[in-house]
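**Student:** A structural model of the following input is requested.
(3 chains)
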Amino acid sequence: MAPFPGSGLAKGLAVTLRTMTRKTVTEQYPDVQPDLPPRTRGVIGLFEENCTVCMLCARECPDWCIYIDSHKETVPAAAPGGRERSRNVLDRFAIDFSLCMYCGICIEVCPFDALFWSPEFEYAETDIRDLTHERDKLRDWMWTVPAPPALDPAAEEPKEIAAARKTAEKLAAAQAEATPEPARSPKPAQSPEPAQEPPPAPSAESTPPAPPAPKPAPKPQEGDA
Amino acid sequence: MSSASTVLTSAAGETHGFLSPTGVEIAFLLVGLVTFGAALVTVTTKQLVHAALWLVVALGGLAVEYLLLTAEFIAWVQVLIYVGSVVVLLLFGLMLTRAPIGRSPDADSGNRWAALLVAVAAAAALVWVVVDAFRTTWIDLDGPAAGSTEATGASLFQNWVLPFEALSVLLLAALVGAIVLSRKTKAEMSSPPVNSRTATKSSRPVTESSQSVPGARTNPAEQEGAS
Amino acid sequence: MNDVLDVALRLLVVFVVFLTFPLIIGQTEHKVMAHMQGRLGPMYAGGFHGWAQLVADGVKFAQKEDVVPAGADRRIFQLAPAVALLPYLLVLLAIPIGPGEGAVGEVVDAGIFFVLAVMGVGVLGSLMAGWASANKFSLLGGLRTAAQLLAYELPMLLTAASVAMAAGTVSIPGILDAFEWWWLPWQIVGAIVFFVAGLAELQRPPFDMPVADSEIIFGAYTEYTGLRFALFLLAEYAGIVVLCGLTTVLFLGGWHGPWGADGLGWVWTLLKTAVLAFIVIWLRVTYPRLREDQLQKFSWTLLVPLSLAQIALTGIVKVVIQ
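**Tutor:** Modelled structure (predicted):
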């Protein structure tokens, strides 16, 4: 391997010298804000429109740092002659970040995508009690959640989108059968194409409604649809 | 010390009065007193490391005396050899064996009076020899430095070549001996394992010696590791 | 009166060099080491790229409490930093920066011996600190220091003697006056041995076993705090200045340069010293620490024979030339 004694030593010197001429990787944090990727475990934001007070997050939390209070309300029947429904209304949602260990289990288990990671991390307090972030604060964090990163070029299409597309295609096929002539073309369109954000909808009425505020994956709405 | 003074006898002055001392003479005397005091403390203190450090003071004082007599070369060699190496070796030995902080109650050998007698006798003999040899010879310190490197070298290689060469051969032998000893231990290390630690050391195919003595390896496992 | 002024001025200049150059090297080490590891290093103190970091460190050290352990040998413990630091100040006096009498602190007749002798004394400071701290790690550090000194003093002396043989004098300005460019290839082995042995004597990485922090905390300096600790650190960096300056002067021709030797000699000396100091830092960043036995073996089986061979070569060439 070594052509002459000491070549390894010279190689070591070359490595350090080369590194010295390269750009450094230091982030000058207080002066320059770090460029953090989405889903960075900074703070947890709550999108309370999606919350159904199912309490899964509070129960799964390893250190029990999520506090949820709620009450039940009855919703009048939607259609005349229908049955009244009861609904959980959120009164308090708080996360104690002095206890939180940033495991992310609450976000994983939330069935309706009401909790999100935000890369914000500058919320140190002088009083430990201030680290219990209440509902309004958690909602404010929600607006700092960035869009999820784009999928890899060869990645599989997200399940929700795949399901939505399938229904859309089925519907289009049904329509095409109903009106024999014109709608032949859209069927084979774009199926091999990997991952596009909104499924190319041949018929507008079948696409699921756009998710309300945030950018994250529109799971619940599609589940409903 | 005597060699230094023989070098310095070149110039003889006329009569010098004892009552008109120059600055150099006063400094010489003061440094001499300090050196003497340090030497006394060295042999009387019961703290071993302190004794070694006082020895530094005594040897350094001697070097200053040489300097005052313009024997610059001897002075720096004194510092280099005695303060820099001999005392370090001494301290090394002390620290490696026993060097408690504070007094060692057993630092007195019990031959105190015999030692004093020998010391006084030796000092008297030396003083007598030196005084008898030089009597009223004065060294002219203002003239060309009698103890400069050039003068010392000339004297050494004109008058004292044989002892010098004999000494240097002796020292070279010691040096080569040290190298041979360290080489020998290395060769032993790469031979079949004496104990487990040397075995792990020799089984690594790193050192150049392991390549140079392939015949010494008899253990097949080691050869496998080295290939 | 003029003489007194002259001497005072020289001493002042040497003292200022003694106080500033180690800091400059220390700051360079901060920055170079950082960039070699892909970092930026200090960026705040002083505003521009953290240039005042070491000044800030000094202020911090000055504010710290000066603690002497209860079991320590008080007097020696307190004396040790001075013993470690002062020799380097004395050595700086004898290193000439340019040609002529005006560019050296003090012309010493037996310059090489003076320099090496005094540098050896500096190690006594580490020994005293190691013993007087009443701490086993300090004692181990002191022992390693002593062992290292004994191993590396010899090759240093031998290679310096080789240069003295080549020049026919032991005075440092005399050596420089006799310097020719072809001494560089002639004495190159000696130069490398001298530099490496000097690194080991200064306890610089990769020869920093006496302060190996992962094994013996900080060796002989473990118990030191505040200013005394800072003095030990200063001694290390002053040692780098001295070693680089000495290597420059003895082996690299000091003020001699390919052009502009007249009047610009001091620039050459400083430039060569700076390059060597950079190499010291570079070696520290690149290589891991040797083991104690590897260090001893390295000295006795490689450096000492090499320096003896250099002396033989010097002698042969010298005789052939004459």
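**Student:** Report the contact partners of residue C:26.
**Tutor:** Counting by Cβ atoms under 8 Å, 6 or more residues apart in numbering or on different chains, residue C:26 touches C:54, C:233, C:237. The C-beta positions use only the backbone N, C-alpha and C, and glycine is treated the same way.
**Student:** what secondary structure does residue A:67 sit in?
**Tutor:** strand (DSSP: H, G, I helix; E, B strand; the rest coil).
**Student:** what does chain A have sitting close to chain B?
**Tutor:** residue A:5 (Cβ under 8 Å from any Cβ of the partner chain).
**Student:** From the contacts of residue C:26, list the ones also adjacent to chain B.
**Tutor:** Of the contacts of residue C:26, not one also sits near chain B (Cβ under 8 Å from any Cβ).
**Student:** Quick check: phi and psi on the residue nearest to residue C:289 when sequence neighbours are not counted?
**Tutor:** Nearest residue to residue C:289, sequence neighbours excluded (Cβ to Cβ, 6 or more residues apart in numbering or on different chains): residue C:206, at 5.4 Å. Dihedral pair for residue C:206: phi -80, psi 20, per degrees, to the nearest 10.
**Student:** what about residue C:206, how many neighbours?
**Tutor:** Residues contacting residue C:206 under the criterion other Cβ atoms under 10 Å in any protein chain shown number 18.
**Student:** before we move on, what about the one 5 residues further on?
**Tutor:** Counted by other Cβ under 10 Å, the residues lying close to residue C:211 total 23.
**Student:** Could you do residue B:174 as well?
**Tutor:** For residue B:174, the count of nearby residues is 9 (other Cβ under 10 Å).
**Student:** With residue A:157 instead?
**Tutor:** Neighbour tally, residue A:157, other Cβ under 10 Å: 16.
**Student:** Tell me which helix or strand it sits in.
**Tutor:** Under the criterion DSSP states H and E, no helix or strand holds residue A:157.
**Student:** And it, how far from chain C?
**Tutor:** 39 Å (Cβ to the nearest Cβ, to the nearest Å).
**Student:** Need the per-residue pLDDT for that residue.
**Tutor:** The model reports residue A:157 with a pLDDT of 82.
**Student:** Distance check, it against residue A:147.
**Tutor:** 17 Å (Cβ to Cβ, to the nearest Å).
**Student:** do residue A:89 as well
**Tutor:** 30 Å.
**Student:** what does residue B:134 give?
**Tutor:** From residue B:134 to residue A:147 the distance is 99 Å (Cβ to Cβ).
**Student:** Of the two, give the one with the bigger neighbour count.
**Tutor:** Each of residue B:134 and residue A:147 has its neighbours counted (other Cβ under 10 Å); residue B:134 has more, 15 against 10.
**Student:** separation between the more buried one and residue B:127?
**Tutor:** Taking Cβ to Cβ, one finds residue B:134 at 11 Å from residue B:127.
**Student:** Repeat that for residue A:164.
**Tutor:** Taking Cβ to Cβ, one finds residue A:164 at 113 Å from residue B:127.
**Student:** Over to residue C:187?
**Tutor:** Taken as Cβ to Cβ, the span from residue C:187 to residue B:127 is 46 Å.
**Student:** swap in residue A:43?
**Tutor:** 88 Å.
**Student:** just residue B:57 next, same as before
**Tutor:** Using Cβ to Cβ, residue B:57 is found at 22 Å from residue B:127.
**Student:** So if I had to pick from the two, which one is more boxed in?
**Tutor:** Neighbour totals were compared for residue B:57 and residue B:127, and residue B:57 leads with 17 against 10 (other Cβ under 10 Å).
**Student:** In which helix or strand does the more buried one reside?
**Tutor:** helix B:48-68.
**Student:** quick one: secondary structure of the residue nearest to residue C:40 when sequence neighbours are not counted?
**Tutor:** Leaving aside its chain neighbours, residue C:40 sits nearest to residue A:26 (4.2 Å; criterion: Cβ to Cβ, 6+ apart). Under three-state DSSP, the three-state class of residue A:26 is coil.
**Student:** residues contacting residue A:26?
**Tutor:** By Cβ under 8 Å, 6+ apart, the neighbours of residue A:26 are C:34, C:38-40.
**Student:** Then residue A:46?
**Tutor:** A:93, A:95, A:114-115, A:135, A:138-139, A:141-142.
**Student:** Give me the longest helix you can find in chain B.
**Tutor:** helix B:161-190 (DSSP state H).
**Student:** measure the residue nearest to residue C:35 when sequence neighbours are not counted to residue B:27 for me?
**Tutor:** Spatial nearest neighbour of residue C:35, excluding adjacent residues (Cβ to Cβ, 6+ apart): residue A:20 at 4.5 Å. Residue A:20 sits at a distance of 53 Å from residue B:27 (criterion: Cβ to Cβ).
**Student:** higher neighbour count, the two?
**Tutor:** The neighbour comparison of residue A:20 against residue B:27 (other Cβ under 10 Å) goes to residue A:20, with 18 against 15.
**Student:** Three-state assignment for that one, please.
**Tutor:** Going by three-state DSSP: residue A:20 is helix.
**Student:** related to what we said a few turns ago, and the contacts of residue A:26, which of them are buried?
**Tutor:** Burial by neighbour count, 16 or more other Cβ atoms under 10 Å in any protein chain shown: within the contacts of residue A:26 this picks out C:34, C:39-40.
**Student:** Turn the residues you listed into CSV, columns for pLDDT and secondary structure.
**Tutor:** Compiled in CSV, those are given as follows (pLDDT from 0 to 100; DSSP: H, G, I helix; E, B strand; the rest coil):
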residue, pLDDT, secondary structure
C:34, 89, helix
C:39, 86, coil
C:40, 85, coil
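**Student:** What is the nearest of those to chain A?
**Tutor:** residue C:40 (4.2 Å; Cβ to the nearest Cβ).
**Student:** isn't that closest one right next to residue A:29, touching?
**Tutor:** No: the criterion here is Cβ atoms under 8 Å, and residue C:40 misses it with residue A:29 at 11.6 Å.
**Student:** Just give the number of residues close to the closest residue to chain B within the stretch 1-150 of chain C.
**Tutor:** Nearest to chain B, among the residues of the stretch 1-150 of chain C, is residue C:120, at 2.9 Å (Cβ to the nearest Cβ). Close neighbours of residue C:120, defined as other Cβ under 10 Å, add up to 23.
**Student:** My guess is it contacts residue C:150. True?
**Tutor:** No: taking Cβ under 8 Å as the definition, residue C:120 is not a contact partner of residue C:150, at 10.1 Å.
**Student:** Common neighbours of those two, please.
**Tutor:** Contacts common to residue C:120 and residue C:150, judged by Cβ under 8 Å, 6+ apart, are B:85, B:88.
**Student:** got the domain boundaries for chain A?
**Tutor:** A:43-142, A:159-210 (automatic domain parsing).
**Student:** and the lowest-mean-pLDDT helix or strand in chain C, how far out from the chain's middle?
**Tutor:** Every helix and strand in chain C was compared by mean pLDDT, DSSP states H and E; the lowest is helix C:172-178, with a mean of 79. Centre-to-centre, helix C:172-178 and its host chain are 20 Å apart (Cα atoms, centre = their mean, to the nearest Å).
**Student:** same thing with stretch A:64-82?
**Tutor:** For stretch A:64-82, the distance to the chain centre is 25 Å (Cα atoms, centre = their mean).
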